[in-house]
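[1] sequence unknown, structure follows:
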């Protein structure tokens, strides 16, 4: 069953100090991650300290915006349209919780390649979500 992303209202994110660059980049269609200069790890969700070594020497970096579905669940009951919540393993390493949108929810698969797209929240924030990458034959991979 196809899902239309405008059917579901998206709540505004809870903002933390230092989140502004993340959401400014999202408004420009870019997904940022934080890279730790001390241990070299990349992480998501952005934090002011590295969750691996607790360093505060972090830098923002653009991502490819591509990844692979690690796991997912489709919710079909309750208020609002059906939706797919998923964990996506980004090509840069981190795994992020997100939604898979603009696709037939019955076609979502573990291991499927996806790319970032941005949906507006009720307050106008651009929220990163993912949609399948179409293969050369038109199928999603």
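    Alright, I've got the coordinates. These numbers were taken from a predicted model, which means no experiment stands behind them.

[2] and stretch 120-135, what's buried?
    125-132 (16 or more other Cβ atoms under 10 Å). From N, CA and C alone the C-beta is placed, and that goes for glycine too.

[3] take these and keep only those in strands.
    Those of the buried residues of stretch 120-135 mapping onto strands are 126-132, per DSSP state E.

[4] ok, back up a step: export the buried residues of stretch 120-135 to JSON lines and append columns for distance to residue 23 and pLDDT.
    Putting the buried residues of stretch 120-135 into JSON lines (distance: Cβ to Cβ, whole Å; pLDDT from 0 to 100) gives the following:
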{"residue": "125", "distance to residue 23": "6", "pLDDT": "94"}
{"residue": "126", "distance to residue 23": "7", "pLDDT": "96"}
{"residue": "127", "distance to residue 23": "9", "pLDDT": "95"}
{"residue": "128", "distance to residue 23": "10", "pLDDT": "96"}
{"residue": "129", "distance to residue 23": "14", "pLDDT": "96"}
{"residue": "130", "distance to residue 23": "17", "pLDDT": "97"}
{"residue": "131", "distance to residue 23": "20", "pLDDT": "97"}
{"residue": "132", "distance to residue 23": "25", "pLDDT": "97"}
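
[5] farthest-separated two in the residues you listed?
    125 and 132 (23.6 Å; Cβ to Cβ).
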